[in-house]
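Novice: Quick one, fold the following:
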Amino acid sequence: MKTLHARAVVAVLLMTVLCSGALLAQQQDQLKPLRFDFTPFAGYRTTMSIPIEPHVSGLNPSIVLDAGPSYGASVGYWIREDDLVELRWARQSSHARSDDVALQPPRQRLVIDQFHGDFSHEYLVQSGATSPAGSPPARLAMWFAK
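Specialist: Below you'll find the predicted structure:
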């Protein structure tokens, strides 16, 4: 458990270091936009309860996922100015247990890896003084649990 918290702290520090260069770059003259982007992220998920159906009246059996850290990274590549291919990976770590169940199974460690592909084209419609942008992306997501 301590190693997961240490990883979350390292991810936050890494994100701070990587973002500081982007903040300094804002003070310079406008440069040509980069074709690649890399975004690390870290977070914390709260406790979640999933009810079990059907159940005996008077009992509320459920599966409880304990709070835990999450972290990951996103890598994007601009094919053209309006076309983006982005791949994201996120890992969530937790423990699963049951409440109000007659036969209590042992508490289980749960690690979820999520892979997400985002393929989008940004449309720019110009009408009068406004120019709204829309992005209907094609997405692919996969989840793996250990």
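Novice: Please name the residues that touch the residue nearest to Ser98 when sequence neighbours are not counted.
Specialist: For Ser98, ignoring the flanking residues on the chain, the nearest one in space by CB to CB, 6 or more residues apart in numbering is Ile63 at 5.6 Å. Bear in mind the C-beta positions are built from the backbone N, C-alpha and C, glycine included. Shown in contact with Ile63 (CB atoms under 8 Å, 6 or more residues apart in numbering): 49-50, 52, 96-99.
Novice: Please check those and keep the buried ones.
Specialist: The neighbour-count test (16 or more other CB atoms under 10 Å) applied to the contacts of Ile63 identifies 96-98 as buried.
Novice: Sort out for me which of those residues are in strands.
Specialist: 96-98 (DSSP state E).
Novice: in this protein, what secondary structure element scores lowest on mean pLDDT?
Specialist: strand 133-134 (a mean of 47; mean pLDDT, DSSP states H and E).
Novice: Below-threshold pLDDT in the chain: ranges please.
Specialist: For the chain, the stretches with pLDDT under 70 are 1-2, 4-6, 9, 11-33, 55-56, 102, 124-146.
Novice: residue ranges for the helices of it, please.
Specialist: 2-25 (DSSP state H).
Novice: just the strands in it please.
Specialist: Going by DSSP E, the chain shows strands at 36-45, 48-51, 62-65, 68-80, 83-99, 108-121, 123-124, 133-134, 138-145.
Novice: To Ala8, which of the ones you listed lies closest?
Specialist: strand 68-80 (4.3 Å; CB to CB).
Novice: Could you tell me the end-to-end distance of stretch 95-114?
Specialist: 17 Å (CA to CA, to the nearest Å).
Novice: Start at 104, not 1
Specialist: Okay, using 104 as the starting number, the last item reads as stretch 198-217.
Novice: mind listing what's buried in that stretch?
Specialist: 199-201, 213, 215, 217.
Novice: what does stretch 147-166 give?
Specialist: 165-166.
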